[in-house]
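In: build me a structure from this.
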Amino acid sequence: MLITATLALFACQQDSLTYPEGGNVPRSLSFAEVQWLRHNDLLRPAAATAAPEGPISCLPEYAPMSGMLIAYEGSSSQKTVLAKMAAAATNYGDAIVYCVVDTTSEISTATSKLQSEGADMSKVEFPVKTTDSIWIRDYGPRYIYQNGVRAIVDHDYNRPRNNDNAFSIFFGNYLQQCRYDHDMTHGGGNFHLDALGEGYLTRLINNENSNLSETQIRNKFIDYQNLNLTLFDPFPTSVDSTQHLDMWMIVVDDNTVIISEWPTQSSSTQAQICDSAAVTMTAKGFNVIRMPALRTSGWSGVHYTYANAVIMNDCVMVPQFSNSAVSSYNAQALSIWQAACPGKTIVPINADAVVSSAGVLHCIMMHVPSASNGVLPTSYLRAPNSGSYAIGDSIDITWSSDDDVEVVSVDLDYSIDGGNSWISIASGLSQKGARVFSAPSTPSSLGQIRVTAFDALGNSTSDTNDDYLSFAGGSNSAALISYGSGKAGSNGVPLLGANANPVLGNPIQLQISNALANATVYLLFGAAPANLTYDGGELLVNHSKVYNLTSDTNGYSSLSGTVPSRAALVGKSYYWQAWIANDPAASGNGWASTNGLQTLLGY
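Out: Below you'll find the predicted structure:
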């Protein structure tokens, strides 16, 4: 009967399959899809991308979430399940529901359905994008934090459903989030994770990527999600046609995991797999809670599971079933979930309409994590983070940003003095993007580029490159670069300069002027700058040596020497600042000081 119904849903063409609106598309491969795949390959809508750069972390499903994704697909009864979930998420889960519709005309019918089940429509958005099926867990966006900014990791959906497969590209653009694709064939329901840096899958992932070794698969998850993997045996397809982990296991918190138990089928293969997984998770330090499960008999038997639930902030949506073979477990499942999640609201939802199609509640939604910085925006300068640039060289700048509501604009600036002062590159830019900037003509080995994101309330945060940039040919040309500000004394702010650029092998004289006459001058020298407060002034050198000098009657002092001629010193910078003691006109304890001076050694 299922085969006949499925055949009626699809028009099998040479190039693609079609999925009529309102059809009950199963989570597993349909009969028509199996036939189509005998003559066609899975289409790849997007090529693999480089792995995300920078610090990467993942958020588990039990962490704070801002939203829930659902695809408004399937039969009328399946859409009722979606509407009940939307009501639970908006009323008890404090979440936005992104209800994806195929066309703008579908918004009104979806609104009516969600309203009829009590959803708070002020928390519902309707992204418009054609999808093929209700099973958004399997093809939807999987989230990471990239330096605190939400980004998407994508995969090749293990079904020939091309609209579904392209969804994460759309949603990344919809929320202006970066997207990365590791190009492995995968179904997203075969995955759970904790907050401790570990992901969990069945070895379906191996079977679907036979071109990769297990080590290569593990490395992909490390590179793209910073997760170490624990792999379990999959259920036989005769028990669960998807072989997905989320049909029998869910991580509840850092210390608790729920795993199915088979009270009437304790000697079955699936029971042995679950028992083995329970041993593994116990050894990892988890409190393992067992949850009843059942597969009804016959070739059309159904895998009934209560582990395929949805944790959404302070709400837990738990499936319930009407089949008399399993309904006696409904109350027990609710009790187990309440004990596992004290303080959360447990919402029972009848899942009859979806369970016969090889999935339950977790399979028809996707989590969208909260912004990482609370009410403040988050900025990330993706590139550049190091490098040397000649005058006029093109510098490719890429950035991303995030906010709990909206990033309204982004500014880019650069600095040649280690961030003491900034010069605008551009302002009013989009939340993420790329821009080409020409390296400035002023030499510096303290170059920085800054991205600043602003929200609608005027809050802002910034991020800069990890290592200083070198401008002007990597500093092969000798240069003097003044930075920072001095502190005034009797003759105003003392000045520090030099009579020549610090060319290798050449003489140079450092010169202090505008100092107090006949005063003791301390000339600080070091290999790195500083930015500290001392006696109301700026201490600008992380000094390793101090030269004791005396100013003349005009407030002038100097230090002469010869720049070493060693080629290895090309591009090296050294930093200087003078402090003058006992100046009666200086504030505080009588210290006046000069600007900082960077001596960039070269030719």
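
In: break down the protein into its helices, ranges please.
Out: Assigned by DSSP state H, the chain shows helices spanning 2-9, 31-37, 76-91, 106-116, 136-139, 162-165, 167-174, 204-208, 214-225, 269-283, 330-340, 352-355.

In: burial count for residue 335?
Out: Here the neighbour count serves as a burial measure; for residue 335 (other C-beta atoms under 10 Å) it reads 11. Every residue, glycine included, has its C-beta placed from N, CA and C.

In: how near is it to residue 306?
Out: 11 Å (C-beta to C-beta, to the nearest Å).

In: cool, and residue 515?
Out: In this structure, residue 515 and residue 306 are separated by 80 Å, where distance is defined by C-beta to C-beta.

In: now swap in residue 496 and tell me
Out: Residue 496 is 74 Å from residue 306, by C-beta to C-beta.

In: so between those two, which is more surrounded?
Out: Looking at residue 496 and residue 306 with other C-beta under 10 Å, you find the greater number of neighbours at residue 306, namely 28 against 24.

In: per-residue confidence at the more buried one?
Out: pLDDT for residue 306: 98.

In: how about the one 4 residues further on?
Out: As predicted, residue 310 sits at a pLDDT of 98.

In: contacting residues for the residue nearest the centre of the chain?
Out: Centre of the chain computed as the mean C-alpha position; nearest residue by C-alpha atoms, centre = their mean is residue 145, 2.2 Å away. Taking C-beta atoms under 8 Å, 6 or more residues apart in numbering as the criterion, residue 145 is in contact with 56, 57, 58, 59, 151, 369, 372.

In: looking at these, spot the one nearest residue 83.
Out: Taking C-beta to C-beta as the measure, residue 369 is the one of the contacts of residue 145 closest to residue 83, at 23.4 Å.

In: now the spatially closest residue to that closest one that is not a sequence neighbour, what are its backbone angles?
Out: In space, residue 369 comes closest to residue 59 once its chain neighbours are excluded; the distance is 4.4 Å by C-beta to C-beta, 6 or more residues apart in numbering. Listed backbone geometry of residue 59 is phi -110, psi 130, with angles given as degrees, to the nearest 10.

In: ok, residue 59 - how many residues close by?
Out: Around residue 59 there are 18 other residues, counting by other C-beta under 10 Å.

In: again, but for residue 381
Out: Neighbour count for residue 381, taken as other C-beta under 10 Å: 24.

In: would you agree it is in contact with residue 469?
Out: No - between residue 381 and residue 469 no contact is recorded; they are 11.3 Å apart, counting by C-beta atoms under 8 Å.

In: most tightly packed of the helices of the chain?
Out: With neighbours defined by mean count of other C-beta atoms under 10 Å, none of the helices of the chain is more surrounded on average than helix 136-139, at a mean of 27.

In: for it, packing partners?
Out: Judged by 3 or more C-beta pairs under 8 Å, 6 or more residues apart in numbering; DSSP states H and E, helix 136-139 is in contact with strand 65-71, helix 162-165, helix 167-174.

In: can you tell which of these is closest to residue 129?
Out: Of all the helices and strands packed on helix 136-139, helix 167-174 sits nearest to residue 129, with 4.6 Å by C-beta to C-beta.

In: orientation of the closest one relative to strand 65-71 in degrees?
Out: Taking axes from the mean of the first three to the mean of the last three C-alpha atoms, to 10 degrees, one finds helix 167-174 and strand 65-71 inclined to each other by 130 degrees.

In: alpha carbons of helix 167-174, in CSV - could you do that?
Out: What follows is helix 167-174, C-alpha atoms only, in CSV (Å, rounded to 0.1, in the frame of the first residue of the first chain):
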residue,chain,number,x,y,z
PHE,A,167,17.8,25.0,1.4
SER,A,168,20.8,25.9,3.6
ILE,A,169,22.2,28.1,0.9
PHE,A,170,18.9,30.0,0.9
PHE,A,171,18.7,30.3,4.7
GLY,A,172,22.3,31.5,5.1
ASN,A,173,21.4,34.3,2.7
TYR,A,174,18.1,34.9,4.5
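
In: chain center to it: distance?
Out: Once both centres are worked out by C-alpha atoms, centre = their mean, to the nearest Å, helix 167-174 turns out to sit 15 Å from its chain's centre.

In: got a list of contacts for it?
Out: Residues outside helix 167-174 that contact it (C-beta under 8 Å, 6+ apart): 45-46, 69, 71, 98, 100, 127, 129, 131, 136, 139-141, 152, 154, 177-179.

In: those residues in strands, which ones?
Out: Secondary structure defined by DSSP state E assigns 69, 71, 98, 100, 152, 154, 179 of the contacts of helix 167-174 to strands.

In: the first one contacts residue 138, doesn't it?
Out: No - with contact defined as C-beta under 8 Å, residue 69 and residue 138 do not form a contacting pair (12.0 Å).

In: with distance to residue 577 as extra columns, can I get the helices of the chain in TSV?
Out: Below are the helices of the chain laid out as TSV (distance: least, C-beta to C-beta, whole Å):
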stretch	distance to residue 577
helix 2-9	77
helix 31-37	71
helix 76-91	58
helix 106-116	64
helix 136-139	59
helix 162-165	60
helix 167-174	48
helix 204-208	58
helix 214-225	44
helix 269-283	58
helix 330-340	61
helix 352-355	70
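
In: dump these to TSV, plus mean pLDDT and distance to residue 488.
Out: As requested, these are arranged in TSV below (pLDDT from 0 to 100; distance: least, C-beta to C-beta, whole Å):
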stretch	mean pLDDT	distance to residue 488
helix 2-9	39	82
helix 31-37	85	79
helix 76-91	98	61
helix 106-116	98	66
helix 136-139	96	65
helix 162-165	92	66
helix 167-174	96	53
helix 204-208	96	67
helix 214-225	97	54
helix 269-283	98	67
helix 330-340	98	66
helix 352-355	97	75
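
In: any idea which of these gets closest to residue 438?
Out: Nearest to residue 438, of all those, is helix 167-174, at 28.7 Å by C-beta to C-beta.

In: could I get the contacting residues of the residue lying closest to residue 48 once chain neighbours are set aside?
Out: In this structure, residue 48 finds its nearest non-sequential neighbour in residue 183, 3.3 Å apart by C-beta to C-beta, 6+ apart. By C-beta under 8 Å, 6+ apart, residue 183 lies in contact with 44, 47, 48, 155, 156.
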